[in-house]
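Student: Pasting a predicted model and its sequence here:
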2 protein chains.
Amino acid sequence: MSRLDRSLIAGLPVFQGMTPADLDRVLQQARSLRIAKDQTVFEQEGDAHSFFLLLDGHVRVVKTTPDGQQVIVRYISPGELMGIAHALGRTTYPASAVAAVDCVVLAWPGNLWPDLAGSFPSFATGTYKTVGTRLQEAQARVVELATEQVEQRVAHALLRLVKQTGRKTEEGILIDFPISRQDIAEMTGTTLHTVSRLLTAWEEKGLVKSGRQKVTVVEPHRLFALAEGRADKG
Amino acid sequence: MSRLDRSLIAGLPVFQGMTPADLDRVLQQARSLRIAKDQTVFEQEGDAHSFFLLLDGHVRVVKTTPDGQQVIVRYISPGELMGIAHALGRTTYPASAVAAVDCVVLAWPGNLWPDLAGSFPSFATGTYKTVGTRLQEAQARVVELATEQVEQRVAHALLRLVKQTGRKTEEGILIDFPISRQDIAEMTGTTLHTVSRLLTAWEEKGLVKSGRQKVTVVEPHRLFALAEGRADKG
DNA sequence: GCTGCGGTTTGCGCTGGATCAAAGTGTCCC
DNA sequence: GGGACACTTTGATCCAGCGCAAACCGCAGC
């Protein structure tokens, strides 16, 4: 296996405050993996053998209900940790992770966690901060689902994606990986039909442009107004 | 202030593995507070000055939307931590906590967290385990809200309460604090009207008994079947 | 006991979105 | 170039659950 260069991870929030030597030691324990599009990184209910850092690509974290319905919990962007069940004392993954595009990830054996967290307190703190953010996000989504109408929820979901993975183009801000109506529906608890109708309505109003597995937000501020429930003139 | 006895907290999951001397040292840093019914323990967005352990009573954790709608995030039972924003590197509380009945809590200054976590690793681990559980719960609720009908969601909510705070009576399992239709509605993203209709329907089928701010689950297994979406005969 | 208040029940009409169905369209692959 | 497949659009229908309104009830305080 080729040696991993510390420049891969230096500068990431989770590794802040670590010396180059520390980074090398951490990297020595990791394996680098290539995950093809639509392959799973880890499986819901599966034994939590590893935890991961996404280096490149985009990963969908999905929960499946007993009757087969899927809900997209979040998207992971490069530089983020995933599968960190071990850090929270769990032994199975609570969800599945599927590559939305071809990905590169680093994987550490899960049982290494206590060791790493002990040796590198700033790594531990960084991880817990991530967890805190995700807990808060999850609770925010509970509030959203409990109080908002579908239109607002879809608007919020798009804005979140724009913020997380938006890439500026001349048309507006493009969500930087293939995403279908179905995916958006699974993020917001609605159906692909309703999402499709919303997007065409928004497109007519000039808020977004969208195509096959592709969404570009043209006027984020107006979409935001919509998400907040403020009526949109035009 | 009266000295706090370690028997108050010995045996709680979060303090597992600590010596009596350790417990005393931790307790020395805490203040004990009495919170009257409907008083708030901490406020959403407020500066996270402390973290808390509920000794006695029941606390409602509530998020309020900009337009004033409330969502009940969870109920805290005796022995549980709350307001642990500090442990996750946050500086404000993401929600409010309101006493559902008269309560007794222990409060530690928030800035003591790194100190305590450093000195008592098992306390830190215990806390993170709690956080892990809550994250998972929150995600489970996202899935619930995204995929289930109101009837199933309300059934799930009641079952969760029963498990958490149920007290056996001759009629069935009573939820051990005053809870209104409105409260249940705010836990499940519906209206008190719908909750009321559901409860009367269930009462007719003999699944539950309920009254003013009071719910008793008579047949948990049948309610569970309902929550899972399996039709109920009779 | 009566009165007031907060909580609960119930009826009714309406509508946001789900469901079902079918036809369009972009893209990859042979 | 021509399928074929996956994704998307659009129409038509239906109903779960919301909003509104009004009555009802249990409990605390006077």
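Tutor: Sure thing, it's come through.

Student: give me every residue that touches the residue nearest the centre of chain A.
Tutor: With distances taken as Cα atoms, centre = their mean, residue A:75 lies nearest the centre of chain A, 2.0 Å away. Shown in contact with residue A:75 (Cβ atoms under 8 Å, 6 or more residues apart in numbering or on different chains): A:58, A:59, A:60, A:61, A:100, A:161, A:164, A:165, A:177. (Glycine included, C-beta is placed from N, CA and C.)

Student: Mind doing that once more with 7 Å?
Tutor: By Cβ atoms under 7 Å, 6 or more residues apart in numbering or on different chains, the contact set of residue A:75 is A:58, A:59, A:60, A:100, A:161, A:164, A:165.

Student: Partner strands of the helix or strand harbouring it and their direction?
Tutor: Under the criterion of DSSP states H and E, residue A:75 resides in strand A:70-76. Strand A:70-76 has its sheet partners listed here by DSSP bridges as strand A:59-64 (antiparallel).

Student: Which residues does the strand it pairs with contact?
Tutor: A:41, A:44, A:70-76, A:82, A:95-100, A:103, B:139, B:143.

Student: quick revisit: who's the residue nearest to the centre of chain A bridged to?
Tutor: With DSSP bridges as the rule, residue A:75 is bridged to residue A:60.

Student: And it, how close does it get to DNA strand D?
Tutor: 16 Å (Cβ to the nearest atom of the strand, to the nearest Å).

Student: what's the pLDDT at that residue?
Tutor: As predicted, residue A:75 sits at a pLDDT of 98.

Student: same check, this time on the one 4 residues further on
Tutor: pLDDT, residue A:79: 97.

Student: From what I see, it and residue A:12 are in contact.
Tutor: Yes - if you go by Cβ atoms under 7 Å, residue A:79 and residue A:12 touch, sitting 4.8 Å apart.

Student: Give me the distance between residue A:177 and residue A:166.
Tutor: Applying Cβ to Cβ, to the nearest Å, the value for residue A:177 to residue A:166 is 11 Å.

Student: can you give me phi and psi for residue A:174?
Tutor: Dihedral pair for residue A:174: phi -90, psi 140, per degrees, to the nearest 10.

Student: For it, give the beta-bridge partners.
Tutor: residue A:167, residue A:216.

Student: near chain B, anything from the longest helix along chain A?
Tutor: Assignment by DSSP state H gives helix A:121-147 as the longest helix of chain A. Yes - interface with chain B: helix A:121-147 contributes A:125, A:128-129, A:131-132, A:134-136, A:138-139, A:141-143, A:145-147 (Cβ under 7 Å from any Cβ of the partner chain).

Student: residues touching residue A:176, list them.
Tutor: Neighbours of residue A:176 in contact, by Cβ under 7 Å, 6+ apart: A:165, A:166, A:167.

Student: For DNA strand C, state which of the residues you listed is nearest.
Tutor: Distance to DNA strand C across those (Cβ to the nearest atom of the strand) is lowest for residue A:167, with 16.9 Å.

Student: ok, the closest one touching residue A:214?
Tutor: No - look at residue A:167 against residue A:214 with Cβ under 7 Å: they stay out of range, at 11.5 Å.

Student: Name the residues contacting each of those two.
Tutor: In terms of Cβ under 7 Å, 6+ apart, residue A:167 and residue A:214 are not both contacted by any residue.

Student: where does chain A come near DNA strand D, residue by residue?
Tutor: A:180, A:181, A:182, A:192, A:193, A:196, A:197, A:199, A:200, A:210, A:212, A:213 (Cβ under 7 Å from any atom of the strand).

Student: what about the third one, helix or strand, and which?
Tutor: The secondary structure element spanning residue A:182 is helix A:181-188 (assigned by DSSP H and E).

Student: so how far is DNA strand D from residue A:228?
Tutor: Shown here: residue A:228 relative to DNA strand D, a distance of 17 Å by Cβ to the nearest atom of the strand.

Student: try residue A:30
Tutor: From residue A:30 to DNA strand D the distance is 32 Å (Cβ to the nearest atom of the strand).
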